[in-house]
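Colleague: With the sequence up front, the predicted model follows.
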Amino acid sequence: MALSYKTLNGGTQVTTLNSERVMLTDANGNQLYINKADLAASITPYVSAAKDDAWIVYLDSSNNRILVPWTEWDSSRTDAVGVAIMEGGRRLIIAPDESNLYWGSVSGVGGAITTTSKDVADQDYAGKSNTAAIIASSSFTGDGAGYAPGYCNFYAKGALGAGAWWMPSLGELGMIYSKYNAINAALAKIGGTSLTRSGYWSSTERSSAYAWGLSFGSGVRWYTSKATGQFHVRPVTAF
């Protein structure tokens, strides 16, 4: 949309805003706008990891998932299986480990949710079914654990073995990004590998050649070649 406003010297400034930008006012009263991704990247390092933003998960004798606030976890324990987060009624457990891999060995249709719309891709929370479809597809069934979907599918931690984990969708990556600091604080408690401010693959496809990813440095959603782009991948599961 176009927005007009008066500057301090009486002139009229016309600028264009969209869903990716927010309005700010500087110290002199001048209005300006900034990309949401840039604003998020600037603010996030100064936001404390809230106690209730993440929990550490272990399994009881019946393999039930038990959550403990990360601030109350005894770092001498060795039975943690991951870090739990909740957002908008959705719940994830983030694995303590990750890898840096290609999405696939070739271009091909994986059978996951596929869209060229960033907004639609960002609302994909079907990482579990996406991953199942990809590893069963004729294009990628032979890739195995050396590629992002297979790495997540074959990942195991404690009693949560292969098949319990999956490659997060773009929407699920957005959940992880929003709790970045708290997740890393919890991962430090259990000796896990910290999330990094770099690109992460999702299981959301854009086409036979491209898949969606998210930068944990800027919050930008992007897509690139499945067979030539090497990025971080972090398994997740549910509770």
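Modeller: Great, that's in hand.

Colleague: Quick check: which element contains A211?
Modeller: strand 210-215 (DSSP states H and E).

Colleague: Show me what the helix or strand following that strand is packed against.
Modeller: Once strand 210-215 ends, the next helix or strand along the chain (criterion: DSSP H and E) is strand 221-225. With contacts taken as 3 or more C-beta pairs under 8 Å, 6 or more residues apart in numbering; DSSP states H and E, strand 221-225 sits against strand 210-215. All C-beta atoms are positioned from the backbone trio N, CA, C, and that covers glycine.

Colleague: contacts for the strand holding A211?
Modeller: 37, 103-104, 118, 121, 170, 173-174, 177, 197-206, 220-226, 229, 231 (C-beta atoms under 8 Å, 6 or more residues apart in numbering).

Colleague: Which secondary structure state does the residue nearest the centre of the chain sit in?
Modeller: Taking C-alpha atoms, centre = their mean as the criterion, L173 is the residue nearest the geometric centre of the chain, at 1.8 Å. Going by DSSP: H, G, I helix; E, B strand; the rest coil, the secondary structure assigned to L173 is helix.

Colleague: Was I right to think E205 contacts T114?
Modeller: Yes - E205 lies in contact with T114 (C-beta atoms under 8 Å); the separation is 4.2 Å.

Colleague: More neighbours: which of the two?
Modeller: E205 (29 against 19; other C-beta atoms under 10 Å).

Colleague: what pairs with that one across the strands?
Modeller: T114, A211 (DSSP bridges).

Colleague: List the contacts of it.
Modeller: E205 sits next to 109-110, 112-115, 130, 211-212 when contact means C-beta under 8 Å, 6+ apart.

Colleague: same check, this time on L24
Modeller: L24 is in contact with 31-34, counting by C-beta under 8 Å, 6+ apart.

Colleague: can we see that at 10 Å?
Modeller: Neighbour list for L24: 30-34, 39 [criterion: C-beta atoms under 10 Å, 6 or more residues apart in numbering].

Colleague: Work out for me the element it sits within.
Modeller: strand 21-25.

Colleague: what does A186 give?
Modeller: Assigned by DSSP H and E, A186 falls within helix 180-189.

Colleague: what's the nearest residue to A80 if we skip its chain neighbours?
Modeller: Leaving aside its sequence neighbours, A80 sits nearest to I190 (C-beta to C-beta, 6 or more residues apart in numbering; 4.0 Å).

Colleague: how many neighbours does that neighbour have?
Modeller: 20.

Colleague: Many thanks, I have nothing further to ask.
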